Structures are given as C-alpha cells and as structure tokens.
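1. got a structure for you, letters missing:
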C-alpha cells in the first residue's frame with residue numbers, strides 16, 4: 001500500500017507556507033518553534049493513520065473514528081496555541 005498524501009512531515013507542511021522550522025532553537029521569531037512543528041507532525045501522523053486504516057481490509061471502522069478524534073484534539077490544541085491549521089491532505 002502506498003501513501004499518496006500531499007504532506008507527511010512537519011517540514012513539508014511549513015514549506016507550503018514558506019516558513020522554516022527553528023531546528024537549532026535560536027528563537028528566531030521568523031521561524032517555527034520545535035514544539036509547534038512537533039504538534040503538526042502529530043496531526044500529520046494521525047492523517048496518515050486515517051488514510052491507511054480506511055484502505056486496510058479487515059479493519060474496524062471504529063479505529064478510524066478514534067484516529068479522527070485524536071487528530072481533532074491535536075488540531076484544537078494547535079489552533080489554541082498557535083494559529084489555524086491548514087488542511088493540505090484530504091483524508092476525511
């Protein structure tokens with residue numbers, strides 16, 4: 001099975017927005033913090049899981065529902081702490 005999502009990593013997510021991650025933790029205000037990048041990576045991991053679970057045979061639909069809820073919680077946390085989340089992947 002091949003994952004065909006547009007964005008899989010936080011670095012790719014922020015590149016879509018012409019932004020960089022502050023990998024060296026210089027606190028550059030023009031760059032994204034590691035904490036922000038980590039939260040995006042958690043959201044994207046959920047999106048990949050949702051994508052794969054929907055295509056797997058023998059999987060219970062409840063697993064997908066749980067992952068959608070986990071992703072929703074991460075998105076709420078992200079939007080509360082940082083900014084609106086941009087949906088680049090269509091997994092729903």
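-> Looks like it arrived, so ask away. Everything numeric in this text was worked out from a predicted model, so none of it was measured.

2. Let me know the helix or strand that the residue nearest the centre of the chain is in.
-> For the chain, the residue nearest the mean C-alpha position is residue 44 (2.4 Å; CA atoms, centre = their mean). Under the criterion DSSP states H and E, the helix or strand holding residue 44 is helix 34-55.

3. Show me what the mean pLDDT comes to for that helix.
-> For helix 34-55, the mean per-residue pLDDT is 95.

4. Return the distance of it from the chain's centre.
-> With CA atoms, centre = their mean, to the nearest Å as the basis, helix 34-55 stands 4 Å off its chain's centre.

5. and the angle for the next helix or strand after that helix with helix 34-55?
-> Going down the chain from helix 34-55, the next helix or strand is helix 61-81, by DSSP H and E. Counting by axes from the mean of the first three to the mean of the last three CA atoms, to 10 degrees, helix 61-81 lies at 160 degrees to helix 34-55.

6. For helix 61-81, buried residues please.
-> 64, 67, 68, 70, 71, 74, 75, 78 (16 or more other CB atoms under 10 Å). Backbone N, C-alpha and C define where each C-beta goes, glycine included.

7. Name the nearest of the residues you listed relative to residue 29.
-> Checking the buried residues of helix 61-81 against residue 29 by CB to CB gives residue 78 as the nearest, at 18.5 Å.

8. how many neighbours does the residue lying closest to that closest one once chain neighbours are set aside have?
-> What sits nearest to residue 78 in space, not counting adjacent residues and going by CB to CB, 6 or more residues apart in numbering, is residue 39, at 5.0 Å. By other CB atoms under 10 Å, the residues close to residue 39 number 19.

9. Not counting sequence-adjacent ones, nearest residue to residue 49?
-> residue 67 (4.9 Å).

10. Please read off the pLDDT at the one you found from the model.
-> Residue 67 is assigned 93 on the pLDDT scale.

11. Same question for residue 59.
-> pLDDT recorded at residue 59 is 72.

12. wait, it sits on residue 51?
-> No: using CB atoms under 8 Å, residue 59 is not in contact with residue 51, being 12.0 Å away.
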